[in-house]
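S.K.: Task: produce atomic coordinates for the following.
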Amino acid sequence: MTETILDKAEAFSASSSKSSGAKPKLGFLGVGWIGRNRMEVIAKHKAAEVVYISDTAIQNAEEALKSAPEAKQVSSLEAMLHQPGVDGIVIATPSAFHAEQSSLALEAGKTVFCQKPLGRNVEETKRVVEAARNNNKLLGVDLSYRYTKAMKEVYKVVQSGELGQIYAIELVFHNAYGPDKAWFYEPKLSGGGCVIDLGVHLVDLALWSMNFPKVKKVQSHLYAKGKPISMAEGKVEDYASANIELEGNTHMQLSCSWNLPAGQEAIISATFYGINGGIAFKNINGSFYDFVAERYYGTKTEQLCTPPDDWMGRAGVAWAERVANGEGFSEEAEEFVKVAEVLDKIYGR
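M.R.: Just a heads-up that it's a prediction; the model follows:
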């Protein structure tokens, strides 16, 4: 299962045009900066054809059309689904719409690539996965850090068993900024705060690297503006910590935040400690984009991977290539449910 993901990432690095089938025709729903970036990267690597664009903000659609002049603008997802020759939909809308829009597209017989989170909770996530299964369509989620060269090196070492028993995993994502859209701060629209926005990436990386072991116990603490909160209060957290016990005697610790006085723009890391050493995926110089892979032997550090790495959009390209190769539903989609289950436990749901 996970080998398929890495194989696809390797295929992307070696060549972005090895798909044996016809290029899928894609509609792009939501083309703000993330949606437009994914569209431009997929088009640049000739992994698919950009045929339709839709966004409620006119300026977003106009900017996207500059990058994809052959595409047509339509008014909505429904309009896109009724157009002939659409194979898949790439969704980059606010989180509250992800599950419904993904399900509608899948039920209309389209394959889907969606921004995270796929759902605001595990129930929504399960519904989307079931829609993909029932319609035999490939479902992708933009868990983009899996596709960085640095995380690929970390994954290889963890999977090799060289670290021995991995007894501790430390996950950190501190963002010195906060979201600039109001809906992020409304739990009914976002599903949560910094955990579902940032922590989702690191929980996914840890569970994926460890082959998704059973989660035995989750304890968490959520804060908003320095005060403890619960999700029942109608607030979202801007700081969170969680202790997660995995089957196999592995302890996982997560810390994430928005607007933290971190002394730099961001602190991002996933570190795995085993009885024979450690390995880490981490950003450098406070960057949101530059990552290294470091191997630890006692007091010695070995760098396995350093920037540059043009990884933005790589997950979407790998998904589009799999669509071109005729792949239908993959059981990998159950991984999205397993991550959502952990987030729900962190939120006390």
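S.K.: Retrieve the pLDDT associated with the most centrally placed residue in the chain.
M.R.: Centrality entry for the chain: nearest residue to the mean C-alpha point is Leu143, 2.0 Å, by C-alpha atoms, centre = their mean. Leu143 is assigned a predicted lDDT (pLDDT) of 98.
S.K.: How about it, nearest residue that isn't a chain neighbour?
M.R.: When the adjacent residues along the chain are set aside, Leu143 lies closest to Asp204, with 5.1 Å between them (C-beta to C-beta, 6 or more residues apart in numbering). Backbone N, C-alpha and C define where each C-beta goes, glycine included.
S.K.: Secondary structure element for the one you found, which one?
M.R.: Per DSSP states H and E: Asp204 is located in helix 200-209.
S.K.: And the contacts of that helix?
M.R.: Counting contacts by C-beta atoms under 8 Å, 6 or more residues apart in numbering, the residues outside helix 200-209 that touch it are 2, 5, 116-117, 143-146, 151, 154-155, 158-159, 169, 171-173, 213, 244, 252, 254, 256, 268, 270, 272, 281, 335, 338-339, 342-343.
S.K.: cutoff 6 Å now
M.R.: 116-117, 143, 145, 155, 158, 169, 171, 173, 252, 270, 339, 342 (C-beta atoms under 6 Å, 6 or more residues apart in numbering).
S.K.: What's the first helix or strand after that helix?
M.R.: Taking DSSP H and E as the definition, the helix or strand that follows helix 200-209 towards the C-terminus is strand 215-224.
S.K.: List the buried residues in whichever helix or strand comes after that following strand.
M.R.: Scanning forward in sequence from strand 215-224, with DSSP H and E defining helices and strands, the next element found is strand 227-229. The neighbour-count criterion (16 or more other C-beta atoms under 10 Å) identifies Ile229 as the buried residues of strand 227-229.
S.K.: Give me the sheet partners of strand 227-229 and which way each runs.
M.R.: Within its sheet, strand 227-229 is paired with strand 215-224 (antiparallel), according to DSSP bridges.
S.K.: Name the residues of the strand it pairs with that are buried.
M.R.: 215, 218, 220, 222-224.
S.K.: Looking at those residues, spot the one nearest Asn60.
M.R.: The shortest gap between Asn60 and any of the buried residues of strand 215-224 belongs to Ala224, at 29.9 Å (C-beta to C-beta).
S.K.: quick one, strands of the stretch 51-200 of the chain?
M.R.: Per DSSP state E, counting those that start in this stretch, the stretch 51-200 of the chain carries strands over the ranges 72-73, 88-91, 111-114, 139-141, 166-175.
S.K.: just the strands in the stretch 201-349 of the chain please.
M.R.: Secondary structure of the stretch 201-349 of the chain (DSSP E, counting those that start in this stretch): strands at 215-224, 227-229, 239-246, 250-258, 266-274, 277-283, 291-297, 300-305.
S.K.: quick revisit: let me see the mean pLDDT of the helix holding Asp204.
M.R.: With pLDDT averaged residue by residue, helix 200-209 scores 98.
S.K.: Any idea how far that helix is from the middle of the chain?
M.R.: Average the C-alpha atoms of helix 200-209, do the same for its chain, and the two points are 9 Å apart (C-alpha atoms, centre = their mean, to the nearest Å).
S.K.: Please consider this matter closed, and thank you.
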